[in-house]
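*Asks:* Sequence below, structure please.
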Amino acid sequence: MGLGVKLTFLGSGASAPTKERMPSCLALNFDGQNFLFDCAEGCQRQMLVAGVSQLKIQHVFITHLHADHVLGLPGFIATNSMHLRDYPLYVHGPRGLRERLSALIETGLMRVNYEVIVKEAHEGTILEGKNYSVSAVKLRHDVPCYGYVFQEKGKAAEFQRAWAEKLGIPEGPLWRKLSEGETVEVEGKKFKPEQVLDYSKGRKGKKVCYITDTEPWEPYFEAIREADVLCHEATFLDALKGRARETKHSTAREAGLVAEHVKAKALYLIHLSARHKETQQLENEARMEFANAFAAKDLDEVEL
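*Replies:* Prediction:
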């Protein structure tokens, strides 16, 4: 069994807060850690309501430097300092983030009693843990912008304890080597991984993609292929496609087309413009192209 991935949509709107929505921001819980994708204004309050622990967040991933995606960072950093955080916070994002964040901290006259480490994002893997990785992919917006792909590491097969015991292979380092695909030797007899691994019980790790702000752009399609959950911006209805092109955003129908093209399992529409009061239209439009589409609502939770 996998460790389980839980998503919490802390915000699902675009540009500015409304009565119904905060700007787009996503918390991802995996193996006791919380990861934060964008840090919008008001995200701290949303975390409190949703029960997402700020102090368990070690990594924040910023897509780009527009205000609605970064203005929550200074308050988030200050609150962690007040709570006496004593371990680093890693903030990943495009070039210029370090200077912008330093200016925000200085403007707020903050004393930060822990290390804030800013890491410049680049295409490809930017973070690798024991059982997960996070990759960045360039998007097409009017400023440098990245989407992020969280990938749980799967396994090719399941180790069968009973098989190893029956073969007389002693428990310990040899079992680990076999599970990692190495041949081992016991009293002059060699044992191959396939003798103790059940390949029928292998599984792919869960994949979650966070794509905002961008117009549909083929260079990022391969990175998000076969996502279990694709969170894709859908700022406008297709009737406003001209406006979407001007501002380099996507329509709900285009998000559906992307999800269908990359064979995603589920699509959640995010970064929804306040001009669309009835999000059912956005959802219906996306479903014209991809059936398993949903307009995300603030504080919605999805478990994988």
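*Asks:* pLDDT below threshold where in the chain?
*Replies:* 1-2, 109 (pLDDT under 70).
*Asks:* same thing but 80
*Replies:* 1-3, 107-110, 155-157, 200-203 (pLDDT under 80).
*Asks:* got the domain boundaries for it?
*Replies:* 5-154+203-301, 158-200 (automatic domain parsing).
*Asks:* Point out the most buried one among these.
*Replies:* Of all the domains of the chain, domain 5-154+203-301 has the most neighbours on average by mean count of other Cβ atoms under 10 Å, namely a mean of 19. For every residue, glycine as well, the C-beta is placed using N, CA and C.
*Asks:* Surely Ile77 and Ile105 touch.
*Replies:* Yes. Ile77 is in contact with Ile105 according to Cβ atoms under 8 Å; the separation is 6.7 Å.
*Asks:* Now list whatever residues contact both of the two.
*Replies:* Counting by Cβ atoms under 8 Å, 6 or more residues apart in numbering, the common neighbours of Ile77 and Ile105 are 112, 116.
*Asks:* what sits against Tyr90?
*Replies:* 58-60, 117, 119, 127.
*Asks:* What distance do you get for it to Gln58?
*Replies:* 6 Å (Cβ to Cβ, to the nearest Å).
*Asks:* just the helices in the stretch 151-300 of the chain please.
*Replies:* If DSSP state H, counting those that start in this stretch is used as the criterion, the helices of the stretch 151-300 of the chain fall at 161-167, 173-179, 241-247, 252-261, 279-287.
*Asks:* Excluding chain neighbours, what is closest to Val258?
*Replies:* Nearest residue to Val258, sequence neighbours excluded (Cβ to Cβ, 6 or more residues apart in numbering): Pro216, at 5.5 Å.
*Asks:* Kindly report the same for Tyr132.
*Replies:* Tyr132 sits nearest to Glu152 (Cβ to Cβ, 6+ apart), 5.3 Å away.
*Asks:* Could you verify my assumption that that neighbour touches Val134?
*Replies:* No. At 10.7 Å, Glu152 does not count as touching Val134 under the criterion of Cβ under 8 Å.
*Asks:* For Leu299, find the nearest of the helices of the stretch 151-300 of the chain.
*Replies:* When the helices of the stretch 151-300 of the chain are compared by Cβ to Cβ, helix 279-287 sits nearest Leu299, at 14.6 Å.
*Asks:* For the closest one, give me every contacting residue.
*Replies:* Contact with helix 279-287 is made by 234, 237-238, 251-253, 255-256, 259, 267, 269, 272, 276, 293-295, 297, as judged by Cβ under 8 Å, 6+ apart.
*Asks:* Would you report which members of those residues are assigned to strands?
*Replies:* Mapping those onto strands (DSSP state E) picks out 267, 269, 293-295.
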